[in-house]
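Peer 1: give me a 3D structure for the following:
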Amino acid sequence: MGSNETKKIKAAITAVGGFVPDDFISNKDLEEMVDTNDEWITARTGIKKRRILKTINKATSYLASNAALDLFKKKETDPSSIDLVLLATITPDFQCASTAPTVASDIRATNAYAYDISAACSGFLFAMSTATSYIESGRYKKILVIGADMMSSIVDYNDRSTSILFGDGAGAVLVEPSKNNYGWEDEYLRSDGIGAEWLKVKSGGSMFPTNKETVKNKWHFITQDGKTVFKSAVSEMANATQQIMMRNNLNSDEIKYLLPHQANKRIIDATAEKINLDKNKVLMNIEDYGNTTAATIPLLMNDYENKFKVGDKLILAAFGAGLTWGAAYLTWAYNKTN
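Peer 2: Numbers count the residues shown, from 1 in each chain. Predicted structure coming up:
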C-alpha cells in the first residue's frame, strides 16, 4: 500500500429532475371552497396555486417515477446501473407495502433495492444524509434520492388552515462519488417527538387504526397548530442554518444560494433575515407549487439548476412534522450543459 492515505470519497449530486401535475387549485378556486381570499392567502403564505394530481389510479409513485424519468432525460443514465432508490414521502401509495420498490420497477432500476423514508418536510434532507453516507462508505456508486408527496390525498379542503398550503409534486437527484471534490460537505439534522402533536395525521397508524369513527372525525386528514409550527419552524430552521455556517466558517457573503423548504414565504423570509442573507440569494417557487412536503428542495434544485455553477456554496434547510428539522451545506458539482 505504501504511505499514501486512501482518498476520502465525497458524495455529489450529479443530476436533478422534477415533476408536477398540470392541474392546480388557485387561490380564486379556494375562495369558492372555504372562507378565504386571494389577498389573505398571498400575504400569509406567498402561495398563488398548488398543483393537484387528478389522474385516476395514480398516486405518489407516479409523481416520483416521472421526476426520475425527467432526470434520466437530462443526464443519460442506464436505470439498471442504479444501486439504491430512496423515496422520501409521507403519502405512500399504500400503508404497506413501501412505495420506493414500485418506483424502482416503474423506472426499470432492475438492480436497485429501494425503501421509503418518512420524515415529512425534512424527508429529502434525511434521505440525502443516508445516500451520501452510503456513497462515502464506498458501498454504492449510484443512488437515486426522490422527494415526492401527493398531499392532496390527506388535505381536508374544508379546512382553511391546511387547504391553502399543500400541493403535489416530486423532485429527484442522482448521488454519485464526486469527480472534482465538490459535493456534500456537512449536515445538521435534528428531531423532537414532543412536537408530534402540532402537525400530524391522527389516524391510519397503529395508534388509531381506521374505523367508522376515525373517518367520521376526519382523523385521516393533516392538521396543524399553525402558530406553534410557524414559531418553531423559524427558530429551528434559522438555528440549524447558523450551526452549519459556524461549523464550516461560512459567512453570508460566501453563500451563493439558500434553498429553504417551501412551507410559507413568511417562514422563509424570517429564516433569511436571521442569518443576514440577501433576499436575492433565497430561492423560492412556492407561489406556483405550494408546500409539496418532501419534494420542495429537490424541485427548487430542478427549477434553478441553470443558475448553479461548479463550486457554488449552497445551504439547504427544512422543518417538518415529527418534529424534524435540519440544514445541510453542499458545494455544487457540475455546470448544466444545455
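Peer 1: center of the protein - which residue?
Peer 2: Centroid check for the chain by CA atoms, centre = their mean gives Ala294 as the closest residue, at 3.0 Å.
Peer 1: where's that residue relative to Ala100, distance?
Peer 2: Computed with CB to CB, to the nearest Å, the distance linking Ala294 and Ala100 is 12 Å. C-beta here means a position set from N, CA and C on the backbone, and glycine is covered the same way.
Peer 1: residues in contact with Ser161?
Peer 2: By CB atoms under 8 Å, 6 or more residues apart in numbering, the contact set of Ser161 is Thr223, Gln224, Gly226.
Peer 1: Gly171 reaches Phe124, doesn't it?
Peer 2: Yes: contact status for Gly171 versus Phe124: in contact at 7.4 Å, counting by CB atoms under 8 Å.
Peer 1: what is in contact with these two at once?
Peer 2: With CB under 8 Å, 6+ apart, Gly171 and Phe124 have common neighbours Gly147, Ala295, Thr296, Ile297, Pro298.
Peer 1: in JSON lines: these, plus neighbour count, secondary structure and distance to Tyr140.
Peer 2: As requested, the shared contacts of Gly171 and Phe124 are exported to JSON lines (neighbours: other CB atoms under 10 Å; DSSP: H, G, I helix; E, B strand; the rest coil; distance: CB to CB, whole Å):
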{"residue": "Gly147", "neighbour count": "35", "secondary structure": "strand", "distance to Tyr140": "19"}
{"residue": "Ala295", "neighbour count": "37", "secondary structure": "helix", "distance to Tyr140": "23"}
{"residue": "Thr296", "neighbour count": "29", "secondary structure": "helix", "distance to Tyr140": "26"}
{"residue": "Ile297", "neighbour count": "28", "secondary structure": "helix", "distance to Tyr140": "22"}
{"residue": "Pro298", "neighbour count": "31", "secondary structure": "helix", "distance to Tyr140": "19"}
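Peer 1: quickly list the domain ranges of the protein.
Peer 2: 11-177, 184-331 (automatic domain parsing).
Peer 1: closest one to Thr337 among those domains?
Peer 2: domain 11-177 (9.4 Å; CB to CB).
Peer 1: now do the end-to-end distance for the closest one.
Peer 2: With CA to CA, to the nearest Å as the measure, domain 11-177 spans 5 Å from end to end.
Peer 1: follow-up on the earlier one: nearest to Asp312 among the shared contacts of Gly171 and Phe124?
Peer 2: Using CB to CB, the shared contacts of Gly171 and Phe124 come closest to Asp312 at Ile297, 15.3 Å.
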